[in-house]
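Engineer: Got a predicted structure here, sequence first:
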Amino acid sequence: MSADRILHEGEFLRLKRRDHWEYVERANARGAVVIVALTPDDELLLVEQPRLPLQANVIELPAGLVGDIAGAEDEDLEIAGMRELEEETGYRPARMTFLAAGPPSAGLANETLSFYRAFDLTRIDAGGGDDSEDIIPHAVPLAEVEDWLGAREAEGKLIDPKIFAGLYFLTRQR
């Protein structure tokens, strides 16, 4: 097996090749966290944001990169998850527990996602992400999630399948 060869390096992504395999790695992060969170009213927190590669709005679980902030490259996964949940949804968790980790697209990228469950949420602000993001937070009653997602899909929005993994984790913990 030959060594990796960099085909292109951008600000955020690096395209590499090893033998016949081309893949992508993040140039400025150590992975990503995905947060499964229920409000005190038993609502699942979701976010909606435009995703340029798909040219559509995507409904997702709150998530974000780890180690992508200058000066905080060694940021703890749990701390990153707490930060991202608050930025995107306006809710601050009192604690987080690790659920699972794995690759989101093993044939395309070397990235690993770490799922966390957030507990004891307090509403701090409206959420919506930082200044560079266009995020709409949603708090959907857990009993209505399936119908709500179907309605969003009928509107032309894409549904991130990680939501279904998050729902699976919730059923294991109830």
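Structural biologist: That came in fine, so what should we check first?
Engineer: all contacts plus neighbour counts: C-alpha atoms, from now on.
Structural biologist: Noted.
Engineer: check contacts around the spatially most central residue of the chain.
Structural biologist: Nearest to the geometric centre of the chain sits residue 63, at 2.4 Å (C-alpha atoms, centre = their mean). By C-alpha atoms under 8 Å, 6 or more residues apart in numbering, the contact set of residue 63 is 32-35, 81, 84-85.
Engineer: Once you drop chain neighbours, what's closest to it?
Structural biologist: Excluding the flanking residues, the one nearest residue 63 by C-alpha to C-alpha, 6 or more residues apart in numbering is residue 34, at 4.3 Å.
Engineer: That neighbour - how many residues pack around it?
Structural biologist: 27 (other C-alpha atoms under 10 Å).
Engineer: where are the low-confidence patches of the chain?
Structural biologist: 174 (pLDDT under 70).
Engineer: Please enumerate the strands of it.
Structural biologist: Taking DSSP state E as the criterion, the chain contains strands spanning 5-9, 13-18, 21-26, 32-37, 43-51, 56-60, 63-65, 91-102, 113-123, 136-141, 158-159.
Engineer: What is the first one packed up against?
Structural biologist: Of the remaining helices and strands, those touching strand 5-9 by 3 or more C-alpha pairs under 8 Å, 6 or more residues apart in numbering; DSSP states H and E are strand 13-18.
Engineer: Could I get the buried residue list for the strand it packs on?
Structural biologist: Neighbour-count burial for strand 13-18, counted by 16 or more other C-alpha atoms under 10 Å, picks out 14-17.
Engineer: again, but for stretch 18-36
Structural biologist: 22-26, 28-36.
Engineer: tell me how far it is from the chain's mean position?
Structural biologist: Chain-centre distance of stretch 18-36: 13 Å, with C-alpha atoms, centre = their mean, to the nearest Å.
Engineer: what's the answer for stretch 122-141, then?
Structural biologist: That offset, for stretch 122-141, works out to 13 Å (C-alpha atoms, centre = their mean).
Engineer: residues making contact with that stretch?
Structural biologist: For stretch 122-141, the external contacting residues (C-alpha under 8 Å, 6+ apart) are 39, 41-50, 86-94, 148.
Engineer: Then stretch 161-174?
Structural biologist: Here stretch 161-174 makes contact (C-alpha under 8 Å, 6+ apart) with 36, 60-61, 99, 115.
Engineer: now do stretch 9-20
Structural biologist: By C-alpha under 8 Å, 6+ apart, stretch 9-20 touches 1-8, 22-28.
Engineer: For stretch 131-138, buried residues please.
Structural biologist: Of all the residues in stretch 131-138, those buried under the rule 16+ other C-alpha under 10 Å are 135-138.
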